[in-house]
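Student: curious how this folds, go ahead:
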Amino acid sequence: METISRTKIVDVVKSEAFGTQVNVKGWVRTRRGSKLVNFIALNDGSTINNVQVVVDVEKFGEAYLKPITTGACINVNGTLVASQGKGQSAEIQATEIQIYGTADPDTYPLQKKGHSLEFLREIAHLRPRTNTFGAIFRIRHNMAIAIHKFFHEKGFFYFHTPIITGSDCEGAGQMFQVTTKNLYDLKKDENGSIDYSDDFFGKATSLTVSGQLEGELAAMSMGAIYTFGPTFRAENSNTPRHLAEFWMIEPEVAFNEIAENMQLAEDFIKFCIQWALDNCMEDIQFLNNMFDKELIERLHSVMEKDFIRLAYTEGVAILEKAVADGHKFEYPVYWGADLSSEHERYLVEDHFKCPVILTDYPKEIKSFYMKQNEDGKTVRAMDVLFPKIGEIIGGSQREEDYEKLSTRAKEMGVPEKDIWWYMDTRRFGTAPHSGFGLGFERLLLFVTGMTNIRDVIPFPRTPKSADF
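Tutor: Next up, the predicted model:
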């Protein structure tokens, strides 16, 4: 074949350089036509749109074209011409076709019919080739770019916190252990506990549930930082909202108190959604048409309104009134309850009809590091609640007082020997500071309109499932 530099299909379909020679490479979505002319829809992943390759059958021969079936990979040289068909401005009149790889129609699972999302999870290695998952993963990339851009432009530093850790940030205990020990022959001490002295790190270690504690250390020296990396929860939750491996974005900011923290969260999430609307519209339009007819409208509605700031106590009062007025919740509502997603969504979707930032939660249901309010009952926590999702961001002003933090850690059973380095920041030049965590996949659920979190990460890790 004549060597012509490759043009990505995203650029070909917008081009008006008719009459020029172009080269495209990609995977065949469909081939149809007559004995005289064939039409190949070709896609290379750079865009939701296919380019149409028009093939003169007599020129290539039916036998040569026969293996070019759905899923095959081909290399095409041709002339760019104005398209006769609807929906695209340019197509390619093929002059040379090279077949890189065939895909047997009897065994290639992505044939032209529609496939359920459940089925596509079983072939996660091939699902990026579908329109749906191509769109989702292009949006995922764009959201990652938006996150870095937002923080970089605000003068934050991207800080890498460890994935292997000796501390349990949330005190939840649901952590994956990391070990090189022979699990068939574990050395025990005199109390029957596992002796980790001969393990790789010489102590029990786990995969991180959050980079927050280390992020706070960085904020207390660099001012404003953010982390963005994988986190792990060994929580046996087989729900459409939980993964065992997911990505978290966690800014931490010295001198920010709760009000600035709330504003940062609102500005951040609006920046990301605006970025999606500005840079991913073709993919979002496709998902809107195919899965969620209200997606674009919902994205715009979040941009148009200020988020409501609401104290937990007021939120509970609204929910209790809803119950008194006959609204049925699956889980009970009372002051001190950890609100479930149905409660959060009622506040957002039914009551206020816009995102809500819920603050001042009871200290009993929140982590040891949150700053205590003067009432002795609540802490300066904040959760950002979104339509269709519930909680999308969780954060707080952190307790900067050494004595209060130490007392609270003891009350909640967090051993100080594991977090002595964290406590040191309260001993040496302590300062008010705040931060929050955004689950990246929760943001993607909102931006894509998907309803199952397994569909916004390429290879989901869930209980009893670590395929691919």
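
Student: what is whichever strand or helix holds residue 298 packed up against?
Tutor: Per DSSP states H and E, residue 298 falls inside helix 295-304. Helix 295-304 sits against helix 258-279, helix 281-290, helix 440-448, with contacts defined as 3 or more C-beta pairs under 8 Å, 6 or more residues apart in numbering; DSSP states H and E. C-beta coordinates here come from the backbone N, C-alpha and C atoms, glycine included.

Student: which outside residues touch the shortest one?
Tutor: Counting by C-beta atoms under 8 Å, 6 or more residues apart in numbering, the neighbours of helix 440-448 from elsewhere in the structure are 135-136, 139-140, 143-144, 147, 228, 241, 243, 246-249, 269, 272-273, 276, 280, 284, 287, 295, 298-299, 386-389, 391-392, 450-451, 453, 455-457.

Student: just the buried ones from those residues?
Tutor: For the contacts of helix 440-448, a burial check counting by 16 or more other C-beta atoms under 10 Å picks out 135-136, 139-140, 143-144, 147, 228, 241, 243, 246-249, 269, 272-273, 276, 280, 284, 287, 295, 298-299, 386-389, 391-392, 450, 453, 455-457.

Student: how about the strands in the stretch 51-200 of the chain?
Tutor: Under the criterion DSSP state E, counting those that start in this stretch, the stretch 51-200 of the chain contains strands at 51-56, 73-82, 90-101, 157-158, 164-165, 177-178.

Student: list the buried ones in stretch 244-264?
Tutor: Those would be 244-254, 256, 258, 261-262, 264, for stretch 244-264 by 16+ other C-beta under 10 Å.

Student: farthest pair in those?
Tutor: Greatest spatial distance among the buried residues of stretch 244-264 (C-beta to C-beta): 244 and 254, at 32.4 Å.

Student: ok, residue 196 - contacts?
Tutor: Taking C-beta under 8 Å, 6+ apart, we find residue 196 in contact with 179, 181, 202-204.

Student: hmm, I was thinking of residue 432
Tutor: By C-beta under 8 Å, 6+ apart, the contact list for residue 432 reads 254-257, 371, 397, 400.

Student: so which of these sit within strands?
Tutor: Secondary structure defined by DSSP state E assigns 254, 397 of those to strands.

Student: now the contacts of residue 432 as TSV including pLDDT?
Tutor: Conversion of the contacts of residue 432 to TSV gives the following (pLDDT from 0 to 100):
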residue	pLDDT
254	98
255	98
256	98
257	98
371	98
397	98
400	97
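
Student: of the contacts of residue 432, which is the nearest to residue 129?
Tutor: Residue 129 lies nearest to residue 256 out of these, by C-beta to C-beta, at 44.0 Å.

Student: hang on, that closest one packs against residue 433?
Tutor: Yes - judged on C-beta atoms under 8 Å, residue 256 makes contact with residue 433 at a distance of 6.3 Å.

Student: tell me the residues that contact both of those two, please.
Tutor: With contacts taken as C-beta under 8 Å, 6+ apart, residue 256 and residue 433 have residue 397 as neighbours in common.

Student: okay, now residue 436: neighbour count?
Tutor: Look at residue 436: counted by other C-beta atoms under 10 Å, it has 23 neighbours.

Student: okay, it and residue 368: tell me how far apart.
Tutor: Separation of residue 436 from residue 368 (C-beta to C-beta, to the nearest Å) stands at 17 Å.

Student: repeat for residue 64
Tutor: Residue 64 is 69 Å from residue 368, where distance means C-beta to C-beta.

Student: more neighbours: which of the two?
Tutor: Higher neighbour count among residue 64 and residue 368: residue 368, with 22 against 13, using other C-beta under 10 Å.

Student: quick one, what contacts that one?
Tutor: By C-beta under 8 Å, 6+ apart, the contact list for residue 368 reads 171, 405, 408-409, 411-412, 414.

Student: in those residues, find the pair that's most separated.
Tutor: Longest span within the contacts of residue 368, C-beta to C-beta: 171 and 405, 13.0 Å.

Student: so which of the two has more stuff around it?
Tutor: For residue 171 versus residue 405, the count of surrounding residues by other C-beta under 10 Å is larger for residue 405: 25 against 16.

Student: next SSE after the helix or strand encompassing the more buried one?
Tutor: Secondary structure from DSSP H and E places residue 405 in helix 402-411. Note on helix 402-411: by DSSP H and E, the next helix or strand toward the C-terminus is helix 420-427.

Student: one step back: out of the helices and strands packed on helix 295-304, flag the one nearest residue 234.
Tutor: Of these, nearest to residue 234 by C-beta to C-beta is helix 440-448, at 17.0 Å.

Student: with just CA atoms, put the closest one into PDB.
Tutor: The C-alpha coordinates for helix 440-448 follow below in PDB (Å, rounded to 0.1, in the frame of the first residue of the first chain):
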ATOM      1  CA  PHE A 440     -14.500   9.800  40.500                       C
ATOM      2  CA  GLU A 441     -16.900   7.100  39.400                       C
ATOM      3  CA  ARG A 442     -19.800   8.800  41.200                       C
ATOM      4  CA  LEU A 443     -19.100  11.900  39.100                       C
ATOM      5  CA  LEU A 444     -19.000   9.800  36.000                       C
ATOM      6  CA  LEU A 445     -22.400   8.300  36.800                       C
ATOM      7  CA  PHE A 446     -23.800  11.800  36.900                       C
ATOM      8  CA  VAL A 447     -22.100  13.000  33.700                       C
ATOM      9  CA  THR A 448     -22.900   9.900  31.600                       C
END
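
Student: what angle separates that helix from helix 258-279?
Tutor: Angle, helix 440-448 to helix 258-279, by axes from the mean of the first three to the mean of the last three C-alpha atoms, to 10 degrees: 50 degrees.

Student: quick check: which element contains residue 385?
Tutor: strand 378-386.

Student: name the helices or strands packed onto that strand?
Tutor: Where contact means 3+ C-beta pairs under 8 Å, 6+ apart, strand 378-386 is packed against helix 258-279, helix 341-345, strand 356-362, strand 390-398, strand 433-439.

Student: any chance of those in CSV, with distance to residue 54 too?
Tutor: As requested, those are exported to CSV (distance: least, C-beta to C-beta, whole Å):
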stretch, distance to residue 54
helix 258-279, 31
helix 341-345, 50
strand 356-362, 54
strand 390-398, 46
strand 433-439, 46
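
Student: select, out of those, the one closest to residue 36.
Tutor: The closest of the helices and strands packed on strand 378-386 to residue 36 is helix 258-279. By C-beta to C-beta, the value is 41.0 Å.

Student: ok so, going back, okay, the helices and strands packed on helix 295-304 in JSON lines with distance to residue 318 next?
Tutor: Listed next are the helices and strands packed on helix 295-304 as JSON lines, based on distance: least, C-beta to C-beta, whole Å:
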{"stretch": "helix 258-279", "distance to residue 318": "19"}
{"stretch": "helix 281-290", "distance to residue 318": "31"}
{"stretch": "helix 440-448", "distance to residue 318": "23"}
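
Student: for those, give me JSON lines that also has distance to residue 9 and mean pLDDT.
Tutor: Output for the helices and strands packed on helix 295-304, formatted as JSON lines (distance: least, C-beta to C-beta, whole Å; pLDDT from 0 to 100):
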{"stretch": "helix 258-279", "distance to residue 9": "17", "mean pLDDT": "98"}
{"stretch": "helix 281-290", "distance to residue 9": "12", "mean pLDDT": "98"}
{"stretch": "helix 440-448", "distance to residue 9": "22", "mean pLDDT": "97"}
